[in-house]
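Participant: for reference, the sequence and a predicted model appear below.
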Amino acid sequence: TLALIQELGGKMHMSQRNFNEASQAFFQAFKSYDEAGDRSRLRCLKYLVMASMLHASSINPFDSHEARAHRDDPEIVAMTN
C-alpha cells in the first residue's frame, strides 16, 4: 500500500510538472515494490526514467544498485535507447 501511495504521489507531482519531486517519489515507490517482489516495480521504474528525462537531471536513475538490476529489461531498454 505504501508503494501505491508513493507512486500516486509521483503521478501527482508529474501532473504539476514538479519532475524532481516526482523522481524521488517514483524511486521510493520502485524500491518499495522491489522489496515486495511486485512486478509493478518496472512500471515505477519507467515513470522514474521519464521524470528524470523531463527534469533533465544529471543523476542517472540506474546509478542505484536496485535499479541497475533492471537496466536490461526490454521495457526499460525501449525507453532508454
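Facilitator: Good, I have the coordinates.

Participant: what about the helices in the protein?
Facilitator: Per DSSP state H, the chain has helices spanning 2-15, 19-36, 40-55, 65-68, 74-80. These are given in chain order.

Participant: I'd like the distance between residue 81 and residue 74.
Facilitator: 11 Å (Cβ to Cβ, to the nearest Å). Quick note: C-beta positions are derived from backbone N, CA and C, even for glycine.

Participant: thinking again about what came up before, got the helices of the chain as TSV, with mean pLDDT and mean neighbour count columns?
Facilitator: Conversion of these to TSV gives the following (pLDDT from 0 to 100; neighbours: other Cβ atoms under 10 Å):
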stretch	mean pLDDT	mean neighbour count
helix 2-15	96	16
helix 19-36	95	20
helix 40-55	92	20
helix 65-68	88	14
helix 74-80	86	11
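
Participant: tell me the contacts of residue 24?
Facilitator: Residues in contact with residue 24 (Cβ atoms under 8 Å, 6 or more residues apart in numbering) are residue 10.

Participant: report pLDDT for the nearest residue to residue 71 once chain neighbours are set aside.
Facilitator: Nearest non-adjacent residue to residue 71, counting by Cβ to Cβ, 6 or more residues apart in numbering: residue 62, 5.0 Å away. Note on residue 62: pLDDT of 88.

Participant: I'd say residue 62 and residue 69 touch.
Facilitator: No - between residue 62 and residue 69 there is no contact under Cβ atoms under 8 Å: 9.3 Å.
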